[in-house]
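Undergrad: Here is a sequence together with a model predicted from it:
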Amino acid sequence: MIINPYSFGITYDPDAQAFITAAGITDNTQKTAINTLVVDMKGYGIWTKMKAIYPFVGGTATTHKFNLKNPADTNAAFRLVFNGGWTHSSTGALPNGVNGYADTFLNANTALQQFSHHNAFYHNTDNSGIGLRSMGGAQSSASVNFRTTIETSGTTLTYRDLGLTNAETPVTANTLRGFRASSRTANNNMFIVKADGTSTTPTTTTATNALPALNCYLAAHNNSGAGANYAIMSIAFHSLGDGLSAAEGLNLRNAVVTYNTTLGRL
Amino acid sequence: MIEVGLLTESQKNSLVGQLYDDDSYFNPIQDISDQWIISVEEMEFCVNPEFQWVKDLPLIEYKPKPEPPIEK
């Protein structure tokens, strides 16, 4: 006799279930992946540090728009609004590099802490564009910024916040897949978590500037109210929130890799 | 070569703030010659019955404006 375990009803973590319900996720593998992601993040003690978590699961704009941390269909819940050209599929959300971006409605200045914030993402294609491409964030001036950008040369990935820069180099097109995060845990401690989970030596320059009073965008940065540096890469995870330690960044990376492994879209 | 749909000023104005599917907005931008364009994805995936005419827009080669400089 074959027993279908789903016929008995599986109980998911309440936060996972809330997202599954809001996004209308029906696939059992996707449900399991979401549940494991939530459980892992709670187990690592990083769930409470998240303001917005975009799992990009379900394959449509409607399922991709929801914030796992607060899956209400409102701007105040940091639900994404997609603008311009995107292609949504089971592998994630692919912006077109022409005019595609997503507005998180998360104002960096008011929703994040000046000296404790992170910006993490997982891309499962290379960035096929050339020239300047932003992975997301916002900037109102050279000294008031929070964004990650591939430089024109295509060999440097820069992480900018509070007017300071931390760079990962060299990078090439085929090394831009996978997990990346920038994290600030103090006014004089900002570092990068790389694809393999290792961290760079922290930049210890003391920051004094503010975070931009702008909504963070994904797949471009919000340049004083307009999209700029539109990117081309499939997004399979993005989170914004409080600063993470190097160990927490590694744990987040591992949870996200497990999540995307379950979904078969590394 | 990336192709995009060419808009008139009037067509651009009619698309601003409008949805092309349940959860995606048109985002007309200007190319290097200040012509208004939308992407082929917006044209192809448009299911809003009011804007089905975008599927018939003439296609042109996309020549972007220079990207904003990285301010250091």
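TA: Great, that's in hand.
Undergrad: all contacts plus neighbour counts: C-alpha atoms, from now on.
TA: Will do.
Undergrad: Low-confidence stretches in chain A?
TA: Chain A contains residues with pLDDT under 70 at A:1-8, A:128-130, A:152.
Undergrad: most centrally placed residue in it?
TA: A:His238 (1.6 Å; Cα atoms, centre = their mean).
Undergrad: So it, which state does it fall into?
TA: At A:His238 the chain is in strand, as set by DSSP: H, G, I helix; E, B strand; the rest coil.
Undergrad: Kindly provide the distance from it to chain B.
TA: Applying Cα to the nearest Cα, to the nearest Å, the value for A:His238 to chain B is 18 Å.
Undergrad: What residues are bridge-paired with that residue?
TA: Beta-bridge pairing for A:His238 (DSSP bridges): A:Tyr54, A:Phe121.
Undergrad: For it, give me its contacts.
TA: A:53-55, A:119-122 (Cα atoms under 8 Å, 6 or more residues apart in numbering or on different chains).
Undergrad: Tell me which residue of the stretch 151-266 of chain A lies closest to chain B.
TA: A:Asn229 (6.2 Å; Cα to the nearest Cα).
Undergrad: returning to that earlier point: and the furthest pair within the contacts of A:His238?
TA: Using Cα to Cα, the pair of the contacts of A:His238 lying farthest apart is A:Pro55 and A:Asn119, separated by 14.1 Å.
Undergrad: which element is A:Phe56 on?
TA: Counting by DSSP states H and E, no helix or strand carries A:Phe56.
Undergrad: Ramachandran angles for the residue nearest to it when sequence neighbours are not counted?
TA: Computed as Cα to Cα, 6 or more residues apart in numbering or on different chains, the closest residue to A:Phe56 that is not its neighbour in sequence is A:His64, at 4.4 Å. When read as degrees, to the nearest 10, the backbone of A:His64 gives phi -80, psi -20.
Undergrad: List the contacts of residue 64.
TA: In the absence of a named chain, this looks at chain A. A:23, A:54-58, A:80, A:92-93.
Undergrad: should've been chain B
TA: With Cα under 8 Å, 6+ apart, B:Pro64 has these contacts: A:98, B:30-32.
Undergrad: At the contact with chain A, which residues of chain B appear?
TA: Residues of chain B lying close to chain A by Cα under 8 Å from any Cα of the partner chain are B:22-29, B:38-42, B:64, B:67-68, B:71-72.
Undergrad: quick revisit: drop anything exposed from the contacts of B:Pro64.
TA: A:98, B:30-31 (16 or more other Cα atoms under 10 Å in any protein chain shown).
Undergrad: quick one on the thing from earlier: closest one of the contacts of A:His238 to chain B?
TA: Looking across those and measuring by Cα to the nearest Cα, the closest to chain B is A:Tyr54, at 15.2 Å.
Undergrad: Wait, the closest one touches A:Phe237, no?
TA: Yes. Counting by Cα atoms under 8 Å, A:Phe237 is a contact partner of A:Tyr54 at 5.6 Å.
Undergrad: ranges for the helices of chain A?
TA: Here chain A has its helices, by DSSP state H, at A:14-23, A:28-43, A:61-64, A:108-111, A:246-262.
Undergrad: quick one: the biggest helix by length in chain B to chain centroid distance?
TA: Looking across chain B with DSSP H, the single longest helix is helix B:9-15. In terms of Cα atoms, centre = their mean, to the nearest Å, the centre of helix B:9-15 is set 10 Å apart from its chain centre.
Undergrad: Sketch out the low-pLDDT regions of chain B for me.
TA: Looking at chain B by pLDDT under 70, you get B:68-72.
Undergrad: let's see 90
TA: Applying pLDDT under 90 to chain B picks out residues B:1, B:66-72.
Undergrad: Can you name the helix or strand that the residue most central in space within it falls in?
TA: Residue closest to the mean C-alpha point of chain B, counted by Cα atoms, centre = their mean, is B:Ile38 at 1.1 Å. Element membership of B:Ile38 [criterion: DSSP H and E] is strand B:36-39.
Undergrad: how about that strand as PDB, C-alpha atoms only?
TA: In PDB, the C-alpha atoms belonging to strand B:36-39 read as follows (Å, rounded to 0.1, in the frame of the first residue of the first chain):
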ATOM      1  CA  TRP B  36      10.100  56.800 -25.500                       C
ATOM      2  CA  ILE B  37      10.300  53.000 -25.500                       C
ATOM      3  CA  ILE B  38       9.000  50.000 -23.600                       C
ATOM      4  CA  SER B  39      10.600  46.600 -23.500                       C
END
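Undergrad: Not counting its own residues, what contacts the following helix or strand past that strand?
TA: Later in the chain than strand B:36-39, the nearest helix or strand by DSSP H and E is helix B:40-44. Helix B:40-44 is contacted from outside by A:84-87, A:96, B:3-5, B:20, B:26, B:54-55, using Cα under 8 Å, 6+ apart.
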